[in-house]
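A.B. asks: got a sequence here, can you build the structure:
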Amino acid sequence: MKDEDVLFRSIKGISYISISPLILLSASLWFTPDSLAIVLAHLAQLYFSVLLFFLFGNIWSIRGSNNEFISNLTYVALLPVLLAISGGALTFFLNPIWGIGFLLCAIYASRYVKYITSGIKALGGNYLDLMNKISIILCICLMLILVYWLNPYTNPIEIYN
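C.D. replies: From the prediction side, this is the model:
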């Protein structure tokens, strides 16, 4: 087995294991009472922001070992930090709908930014496929959280009015 295969399998396993609590949190919103679901929705957004900070650390460490893409990866590494801070600020100062909506749009749009995908393509086609799969899963989780906040029957957003 090649070293690249072991590294990719390791990154793939870590990626799927790290997003599994977010999947559990976003799915549990629909099966808990509203008082607990509001806390879980905020916890899911907080966990997503923590994942973005860990993504920053991983990209930053790759940046230090690969001289060819240092400038490209520096900008790509700062993007998750800016997304996490912006989503948190929108949630804190406006309401969770704006914060989650911003994160959802940003994660979905990141799949189509050539600047990001070109850096990931340089690592290999498997990494681009993994990024696409993970970003789709993250978008589904964020949509579940957003739909929870927009639910007209329970109307959980009314606590912010």
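
A.B. asks: use CA for all of it now, contacts and neighbours both
C.D. replies: Noted.

A.B. asks: got the phi and psi for residue 112?
C.D. replies: When read as degrees, to the nearest 10, the backbone of residue 112 gives phi -110, psi 0.

A.B. asks: residues near it, how many?
C.D. replies: 11 (other Cα atoms under 10 Å).

A.B. asks: same check on residue 148?
C.D. replies: When neighbours are defined as other Cα under 10 Å, residue 148 has 23 of them.

A.B. asks: swap in the one 4 residues further on?
C.D. replies: Around residue 152 there are 10 other residues, counting by other Cα under 10 Å.

A.B. asks: try residue 87
C.D. replies: By other Cα under 10 Å, the residues close to residue 87 number 24.

A.B. asks: helix or strand: which one has it?
C.D. replies: helix 70-93 (DSSP states H and E).

A.B. asks: now do whichever helix or strand comes after that helix: everything it contacts.
C.D. replies: As assigned by DSSP H and E, the chain's next helix or strand after helix 70-93 is helix 96-110. Here helix 96-110 makes contact (Cα atoms under 8 Å, 6 or more residues apart in numbering) with 42, 45, 83-84, 86-91, 116, 135-136, 138-139, 142-143, 145-146, 149-150, 157.

A.B. asks: which among those residues end up buried?
C.D. replies: 42, 45, 83-84, 86-88, 90-91, 116, 135, 138-139, 142-143, 145-146, 149, 157 (16 or more other Cα atoms under 10 Å).

A.B. asks: next up, the contacts around the nearest residue to residue 60 once chain neighbours are set aside.
C.D. replies: Once flanking residues are discounted, residue 60 sits nearest to residue 77: 5.7 Å by Cα to Cα, 6 or more residues apart in numbering. By Cα under 8 Å, 6+ apart, the contact list for residue 77 reads 55, 56, 57, 59, 60.

A.B. asks: again, only this time at 7 Å
C.D. replies: Shown in contact with residue 77 (Cα atoms under 7 Å, 6 or more residues apart in numbering): 56, 59, 60.
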